[in-house]
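1. Just a sequence and a predicted model for now, questions to come.
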Amino acid sequence: MIKVVICGAFGRMGTTIGGIVSKEPDMQLVGGVDIKTGTFFDAPVVSSEEFSGLLTSTKPDVVIDFTIAAAAAKNVPIAALAGSAIILGTTGLTSEQRKGIDDAIAKGNVPAVISTNYSIGMNILWTLIRDAAGKLSDYDIELTEAHHRYKKDAPSGTAKTILQILQEEIGPREEIYGREGMTERSSEIGVHVIRGGDIVGDHAVMFSSNYETVTLSHRAYDRAVFAEGAVRATRWIVGKKPGIYGMKDVLNLS
Ligand SMILES: NC(=O)C1=CN([C@@H]2O[C@H](COP(=O)(O)OP(=O)(O)OC[C@H]3O[C@@H](n4cnc5c(N)ncnc54)[C@H](OP(=O)(O)O)[C@@H]3O)[C@@H](O)[C@H]2O)C=CC1
Ligand SMILES: O=C(O)C1=N[C@H](C(=O)O)C[C@H](O)C1
């Protein structure tokens, strides 16, 4: 049995993942962590102050974190230093927060999957964007993303990963976040963020020349797509060598 604890248990992702884990025959949901406490899917949910105690009493194989950056920056090091494998989906981490997490994973000598997007489709799209960017580096590039009204970080973690891929493939380019007034396009990458309703997650990259536009896009219809990916990563990480992996490793994408 793979024993699992979920940080952010009562959140949109935490409840979706908890529902899946609780039905998996080879997994046992042993607890959750959130601001509010109680139970989810018959497992106890404790506050972050009680997280260490939960780890000692349940000894989870894997801790999954979908919270907010400030919480993940505290939860993940505690879990890693206690010896649990990590699945981290929380976005909006500062570089200092990410370094603290990476250091704790190294110090705890545990394996971890960290990804800004656990959907299979987005991981395929990232490889397509890399390929297109290498070949269309002289085209104008615009990136758009749209999410629900409650999303706290902008641009999305997925959009930041796309920007990183573009920068790696086409060399350093200025990033312009929205435009207003008298603007003249140069070689920048334009980045545009939309927030509204319950949009689950849309991302698109446009490569435009004077005669054509290539658009590579992805739309998630249901959070289950991220949750299923995180559960897949949870099963995959058990028994892996210590280190930080991505979904491309889980999905065996080169
Ligand atoms: N990598 C991926 O594929 C995906 C990543 N995400 C990311 O996952 C994160 C969560 O998203 P989502 O589920 O929509 O957000 P929610 O706000 O619905 O859920 C986050 C939960 O974490 C709780 N929380 C806040 N602080 C703490 C803490 N210190 N310890 C434990 N729990 C805490 C929140 O409580 P409260 O509401 O009371 O503050 C809330 O219940 C975001 O960063 C999002 O970008 C989302 C989808 C896919
Ligand atoms: O907060 C969300 O909802 C999502 N967050 C992730 C991100 O920031 O990229 C992944 C997905 O787009 C949904």
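-> The structure has been received and is ready for your questions. Because the structure is a prediction, the values reported are computed rather than measured. Ligands and ions are numbered 1, 2, ... in the order given.
2. who does the host helix or strand of W236 touch, helix- and strand-wise?
-> Under the criterion of DSSP states H and E, W236 resides in helix 224-237. Under the contact criterion of 3 or more C-beta pairs under 8 Å, 6 or more residues apart in numbering; DSSP states H and E, helix 224-237 touches strand 2-7, helix 12-21, strand 27-33, strand 62-65, strand 85-88, strand 111-114, helix 120-135, helix 247-250. To be clear about C-beta, it is placed using only N, CA and C from the backbone, and glycine gets the same treatment.
3. mean confidence for that helix?
-> Average pLDDT, helix 224-237: 98.
4. In a markdown table, list the helices and strands packed on helix 224-237 along with mean neighbour count, mean pLDDT and distance to ligand 2.
-> A markdown table is the format used below for the helices and strands packed on helix 224-237 (neighbours: other C-beta atoms under 10 Å; pLDDT from 0 to 100; distance: least, C-beta to the nearest ligand atom, whole Å):
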| stretch | mean neighbour count | mean pLDDT | distance to ligand 2 |
| --- | --- | --- | --- |
| strand 2-7 | 26 | 98 | 15 |
| helix 12-21 | 21 | 98 | 7 |
| strand 27-33 | 24 | 98 | 18 |
| strand 62-65 | 29 | 98 | 13 |
| strand 85-88 | 28 | 98 | 12 |
| strand 111-114 | 24 | 98 | 13 |
| helix 120-135 | 17 | 98 | 8 |
| helix 247-250 | 19 | 98 | 12 |
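5. between the helix holding W236 and strand 27-33, how many degrees?
-> Angle, helix 224-237 to strand 27-33, by axes from the mean of the first three to the mean of the last three C-alpha atoms, to 10 degrees: 110 degrees.
6. Okay, buried residues for helix 224-237 please.
-> For helix 224-237, a neighbour-count test (16 or more other C-beta atoms under 10 Å) marks 224-234, 236-237 as buried.
7. mind checking how far it is from the chain centre?
-> Mean C-alpha position of helix 224-237 versus that of the full chain (C-alpha atoms, centre = their mean, to the nearest Å) differs by 11 Å.
8. what's the next helix or strand after that helix packed up against?
-> Counting by DSSP H and E, the next helix or strand C-terminal to helix 224-237 is strand 243-245. Counting contacts by 3+ C-beta pairs under 8 Å, 6+ apart, strand 243-245 packs against helix 95-108, strand 111-114.
9. The same query, at a cut-off of 7 Å, please.
-> The contact analysis (3 or more C-beta pairs under 7 Å, 6 or more residues apart in numbering; DSSP states H and E) places strand 243-245 against strand 111-114.
10. Please identify the pairing partners of the strand it packs on and their relative orientation?
-> Using DSSP bridges, the strands paired with strand 111-114 are strand 85-88 (parallel), strand 243-245 (parallel).
11. Of all the ones you listed, which one comes closest to ligand 1?
-> strand 85-88 (8.0 Å; C-beta to the nearest ligand atom).
12. just the CA coordinates of that closest one, formatted as PDB?
-> Written as PDB, here are the backbone C-alpha positions of strand 85-88 (Å, rounded to 0.1, in the frame of the first residue of the first chain):
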ATOM      1  CA  ALA A  85       8.700  11.300  -1.300                       C
ATOM      2  CA  ILE A  86       7.200  14.500  -2.600                       C
ATOM      3  CA  ILE A  87       4.700  15.400  -5.400                       C
ATOM      4  CA  LEU A  88       4.700  19.200  -5.700                       C
END
